[in-house]
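Engineer: Any chance you can model this:
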Amino acid sequence: MRTYLVGGAVRDKLLRRPVVDHDHVVVGATPDDLLALGYKPVGKDFPVFLHPQTNEEYALARTERKTGRGYHGFAFQADPSVTLEQDLARRDLTINAIAEDEHGALVDPFHGVRDIEQCVLRHVSSAFVEDPVRLLRVARFAARFAPLGFRVAEETMALMQQMVRDGEVDHLVPERVWQETRKALAEPRPSAFLQVLRESGALAVLFPEIDALYGVPQRAEFHPEIDTGIHLEMVLDMAARIAPGNDLVGFCALTHDLGKALTPTNVLPRHIGHEQAGVSPLRRLSARLRVPTDYAALAEQVCREHLNAHRALELKPATVLRLLSALDALRRPERLDVFLAACEADKRGRLDHENDSYPQADYLRAARAAAAGIGATAFVAQGLQGPEVGAALEKARITAIAEVKSSVR
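Structural biologist: So this is what the prediction gives:
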């Protein structure tokens, strides 16, 4: 029995990146061998165990055989005869198919080290096409490693395009699409996720509402980049810069402008009412991918209200209070922080506007603090009851916001 460090741990060590998870593969062993050594079984579909001391994952070397459509259409074989190279051969990308033995020596049958050096995302074998999740994973790795100069190999992109043409992507379950998307939105360059999906043809299948934004013009004086799809890519990358690793901000940024794809051609490049028009496609997307309720709800608020955030300094104090109340920001200030990060990303995610200031965020935070600092207790003490308390509370909060606005000016 021999154990090897595999996958992302080896890859990230070679890239001199922090190693988060240490995964191992065990060659020449049976489940009973690991159980006898105190390992704890956790795998459902195939034998995976946790080390009795470190809790790191150890999986028996295995092969896989395609038996049907989709992510679950595989049969696995894990026994002592499976070699390390056979196990590595079933992995998605060469950079993830490198192993390291107990002495630190690398086992690299598919030249993953070379591809790391050349910054290439390349499939291990033609079996890549058998698992549609791999297409999403490649797009997600592009979002992670694009800042390092990584690109998808031409032959790998060709396979991904074939997967789309063959309908393999149609069999992705919503949960896996959302899981990979959510991870991609937390990466340093989420725009690469969209770019890879679009080049492969998968964006139109999985995210038709987003794919429809490409080629839609905007007014050049406000959007020098003109193309709405390009604007969206810039907004996503700005969101990753403003709120690194925050996939909730990323999802709000991803879906904030869906209404622009619905603008009648005869009024382009203007997009009057796009913020309201975007709610319906956002709801469809969220329902189809089974997006968590809190993500969908806050994304809808960003979709509806991002223009109000941009003109916050021009709004009446009563309108600002309604905006804060709609966000439930008086009770949950973290919701305002996400909202403002997404709105700032929209404002700065434009050509030649990347370094613009966004004073609206400071104003809305100060307005929230002023309004939240006024409670109902004082009005109850004055003898007010029922609706009278609510009316007095609202009036006092509007006055407080007006004072904040005056000080800003």
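
Engineer: where do the strands sit along the chain?
Structural biologist: 2-6, 23-27, 40-41, 48-50, 57-60, 63-66, 74-77, 99-100, 106-107, 120-121, 151-152 (DSSP state E).

Engineer: Columns mean neighbour count on top of these, output as a markdown table?
Structural biologist: Using the backbone N, CA and C atoms, a C-beta is placed for each residue, glycine as well. Converted to a markdown table, the strands of the chain look like this (neighbours: other C-beta atoms under 10 Å):
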| stretch | mean neighbour count |
| --- | --- |
| strand 2-6 | 20 |
| strand 23-27 | 20 |
| strand 40-41 | 12 |
| strand 48-50 | 20 |
| strand 57-60 | 22 |
| strand 63-66 | 15 |
| strand 74-77 | 14 |
| strand 99-100 | 21 |
| strand 106-107 | 16 |
| strand 120-121 | 22 |
| strand 151-152 | 20 |
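
Engineer: Ok, which of those comes nearest residue 170?
Structural biologist: Distance to residue 170, taken as C-beta to C-beta, is lowest for strand 63-66 among those, at 16.1 Å.

Engineer: rewinding a little: which one of the strands of the chain has the lowest average pLDDT?
Structural biologist: When those are compared by mean pLDDT, strand 74-77 comes last with a mean of 68.

Engineer: Out of the strands of the chain, the one nearest residue 253 is which?
Structural biologist: Of all the strands of the chain, strand 151-152 comes closest under C-beta to C-beta, at 23.1 Å.

Engineer: can you point me to the longest helix in this structure?
Structural biologist: helix 387-408 (DSSP state H).

Engineer: And stretch 256-275, what's buried?
Structural biologist: Of all the residues in stretch 256-275, those buried under the rule 16 or more other C-beta atoms under 10 Å are 256, 257, 258, 259, 260, 261, 262, 263, 269, 271, 274, 275.

Engineer: sorry, back to before: make TSV from the strands of the chain and add distance to residue 384 to it.
Structural biologist: Formatted as TSV, the strands of the chain follow (distance: least, C-beta to C-beta, whole Å):
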stretch	distance to residue 384
strand 2-6	68
strand 23-27	63
strand 40-41	61
strand 48-50	60
strand 57-60	61
strand 63-66	70
strand 74-77	67
strand 99-100	71
strand 106-107	75
strand 120-121	65
strand 151-152	65
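
Engineer: Show me the shaky parts of the stretch 301-409 of the chain.
Structural biologist: By pLDDT under 70, the weakly predicted segments of the stretch 301-409 of the chain are 409.

Engineer: Dump the longest helix of the chain to PDB, restricted to CA.
Structural biologist: Taking Å, rounded to 0.1, in the frame of the first residue of the first chain, the C-alpha atoms of helix 387-408 are listed here in PDB:
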ATOM      1  CA  PRO A 387     -50.100  53.900  13.900                       C
ATOM      2  CA  GLU A 388     -49.200  57.100  15.600                       C
ATOM      3  CA  VAL A 389     -45.900  55.600  16.700                       C
ATOM      4  CA  GLY A 390     -45.100  54.300  13.200                       C
ATOM      5  CA  ALA A 391     -45.900  57.700  11.700                       C
ATOM      6  CA  ALA A 392     -43.700  59.600  14.200                       C
ATOM      7  CA  LEU A 393     -40.900  57.100  13.800                       C
ATOM      8  CA  GLU A 394     -40.900  57.500  10.100                       C
ATOM      9  CA  LYS A 395     -41.000  61.300  10.300                       C
ATOM     10  CA  ALA A 396     -38.100  61.400  12.700                       C
ATOM     11  CA  ARG A 397     -36.000  59.100  10.600                       C
ATOM     12  CA  ILE A 398     -36.700  61.200   7.500                       C
ATOM     13  CA  THR A 399     -35.500  64.200   9.400                       C
ATOM     14  CA  ALA A 400     -32.400  62.400  10.500                       C
ATOM     15  CA  ILE A 401     -31.600  61.400   6.900                       C
ATOM     16  CA  ALA A 402     -32.200  65.000   5.800                       C
ATOM     17  CA  GLU A 403     -29.600  66.200   8.300                       C
ATOM     18  CA  VAL A 404     -27.100  63.700   7.000                       C
ATOM     19  CA  LYS A 405     -27.700  64.900   3.500                       C
ATOM     20  CA  SER A 406     -27.200  68.500   4.500                       C
ATOM     21  CA  SER A 407     -23.900  67.700   6.100                       C
ATOM     22  CA  VAL A 408     -22.700  65.800   3.000                       C
END
